[in-house]
Structure formats: structure tokens, C-alpha cells
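**Q** Kindly generate the corresponding structure for this input.
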Amino acid sequence: MTTIDTEKTYAVHEDDLDILLKNMGILDDFEKGVYKCLICEKQITRYNLGGIHVKDDKIVFLCDSLSCVSEFGGLIRCKI
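**A** Numbering: from 1, shown residues only. This is a model prediction of the structure:
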């Protein structure tokens, strides 16, 4: 039998983004433009945020570029 690795995915409405980032303790740094896309290293803003991934207390961001999101999906399958 073939098994498939799965990950839970959550969504947050843009109206609730500040609450999420504040609860994660990263709102101030996010607003300062500290975070960059894991793939292309573009500065992450609220206008180009494609995703946030938390694994083992490490937070990584993705921009909204389809190629970055797709490449990240491949990395997840390889267990970044």
C-alpha cells in the first residue's frame, strides 16, 4: 500500500493577519519588512504574502509568486 505524507494547511483572512502575526510575536518585524521569501528572497509585505510555514519553531515566508509556492511544495515533500 502506498502512503502519502500530509500536512495541515490553515487559512487566515487578510482582516485577521495582524492578529495572527501579533500572536506569533512577529508583527513588528513584519511591518518593518524584515522577512523575505524563502525561495526568491523578495521582501514580504501584506500585499505579496503567499504563505507562512512553521516547522520546529522556525517561521518561513513565501511570496505570492506561483513559482515560489510550487518550489516550496517540492521542498516540503523533501522535508526541508
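**Q** residue ranges of the strands in this protein, please?
**A** 49-55, 58-63 (DSSP state E).
**Q** what sits against the residue nearest in space to the middle of the chain?
**A** The residue lying closest to the centre of the chain (CA atoms, centre = their mean) is residue 52, at 1.8 Å. Counting by CB atoms under 8 Å, 6 or more residues apart in numbering, residue 52 touches 20, 59, 60, 61, 62. To be clear about C-beta, it is placed using only N, CA and C from the backbone, and glycine gets the same treatment.
**Q** Isn't the fourth one up against residue 44?
**A** In other words, residue 61. Yes: counting by CB atoms under 8 Å, residue 44 is a contact partner of residue 61 at 4.5 Å.
**Q** Which neighbours do those two have in common?
**A** 35, 36, 37.
**Q** for this structure, longest helix please?
**A** Taking DSSP state H as the assignment, the helix of the chain that covers the most residues is helix 66-77.
**Q** what residues does it touch?
**A** Looking at what lies outside helix 66-77 - CB under 8 Å, 6+ apart - the contacts are 5, 7, 37, 38, 39, 40, 50, 51, 53, 62.
**Q** ok, back up a step: tell me the most buried of the strands of the chain?
**A** Neighbour counts (mean count of other CB atoms under 10 Å) averaged over each of the strands of the chain peak at strand 58-63, with a mean of 18.
**Q** Would you mind pulling up the elements that it packs against?
**A** If contacts are counted by 3 or more CB pairs under 8 Å, 6 or more residues apart in numbering; DSSP states H and E, strand 58-63 sits against strand 49-55, helix 66-77.
**Q** Output it as PDB - backbone C-alpha positions only.
**A** Presented in PDB, the C-alpha positions along strand 58-63 are these (Å, rounded to 0.1, in the frame of the first residue of the first chain):
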ATOM      1  CA  LYS A  58      11.100  28.100  12.600                       C
ATOM      2  CA  ILE A  59       9.000  30.500  10.600                       C
ATOM      3  CA  VAL A  60       9.400  30.800   6.900                       C
ATOM      4  CA  PHE A  61       7.600  33.100   4.500                       C
ATOM      5  CA  LEU A  62       6.700  32.700   0.800                       C
ATOM      6  CA  CYS A  63       5.800  35.500  -1.600                       C
END
